[in-house]
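Student: Take this sequence and fold it.
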Amino acid sequence: MAITACAVIIIRNLYAVVMLGSIFSLLAAAVFVVLDAVDVAFTEAAVGAGASTVLALGTLALTTGREKTPTRAPWLPIVVVVITGMAFVYGTLDLAPYGDRNAPAQTHLAPTYLKEGPIKTGMPNVVTSILAGYRGYDTLGETTVIFTAGVGVLLLLGNWRRRRREDDDDA
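Tutor: Residues are numbered from 1 along each chain as shown. The predicted structure follows:
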């Protein structure tokens, strides 16, 4: 994954960058499968490698396939990324150690979900009961955001402006 990420940074051909991004998403999905998070892996594969790749290729079909050479030095974006990364690392210093039985997530919600989830939702699989029963509105919200983003991209890339101009010229 690190090699793929470095290649994305170095390569200037945007079609190759989109394909490498798709490969990165598939590798991330494989990592999630190894970590037994199959639901997250499926979402990563569908959205990261599937929908994002299609939207990016559609965008490149309507634009150019080469990255333009920057006119200024990219110091500001690098500084912003480094500061943001440092803030994220600082935020993780307060987390419970990985696998800690006394972590709040293990002592507060997990026992309730394990005991009451299948009974309240009627689904024998705990993961399914959490995703469908407890996180249904959250999933609906995420789906709405993805749909809205897709519609926004189609409106931005569509030729509706061109049609309006042609109609104005005909009148």
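
Student: quick one: the helices in the chain?
Tutor: The residue ranges that make up the helices of the chain, judged by DSSP state H, are 2-10, 14-34, 38-43, 52-62, 75-92, 104, 110-121, 126-128, 136-157, 160-170.

Student: just those helices: most buried one?
Tutor: For the helices of the chain, ranked by mean neighbour count under the definition mean count of other CB atoms under 10 Å, the leader is helix 14-34 at a mean of 17. Where C-beta positions appear, they are placed from N, C-alpha and C, glycine not excepted.

Student: Restricting the selection to alpha carbons, write that one to CSV.
Tutor: Included here for helix 14-34 are C-alpha records, laid out as CSV according to Å, rounded to 0.1, in the frame of the first residue of the first chain:
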residue,chain,number,x,y,z
LEU,A,14,-3.9,11.2,-14.1
TYR,A,15,-5.3,8.0,-15.7
ALA,A,16,-2.5,6.1,-14.0
VAL,A,17,-3.2,7.9,-10.7
VAL,A,18,-6.9,6.9,-10.9
MET,A,19,-6.0,3.3,-11.5
LEU,A,20,-3.4,3.3,-8.7
GLY,A,21,-6.0,4.8,-6.4
SER,A,22,-8.4,2.0,-7.3
ILE,A,23,-5.6,-0.5,-6.6
PHE,A,24,-5.0,1.2,-3.2
SER,A,25,-8.7,0.8,-2.3
LEU,A,26,-8.7,-2.9,-3.2
LEU,A,27,-5.6,-3.4,-1.1
ALA,A,28,-7.3,-1.6,1.8
ALA,A,29,-10.3,-3.8,1.3
ALA,A,30,-8.1,-6.9,1.5
VAL,A,31,-6.6,-5.6,4.7
PHE,A,32,-10.1,-5.1,6.2
VAL,A,33,-10.9,-8.7,5.2
VAL,A,34,-7.8,-9.9,7.0
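
Student: just the angle between that helix and helix 52-62, please?
Tutor: Calculated by axes from the mean of the first three to the mean of the last three CA atoms, to 10 degrees, helix 14-34 forms an angle of 180 degrees with helix 52-62.

Student: Tell me where the model's unsure across this structure.
Tutor: Within the chain, the stretches falling below the threshold (pLDDT under 70) are 159-171.

Student: Leaving out chain neighbours, which residue sits closest to the spatially most central residue of the chain?
Tutor: With distances taken as CA atoms, centre = their mean, the chain has Gly48 as the residue nearest its mean C-alpha position (5.7 Å). Leaving out its chain neighbours, the residue that sits closest to Gly48 by CB to CB, 6 or more residues apart in numbering is Ser25, at 3.1 Å.

Student: All good on my end, thank you.
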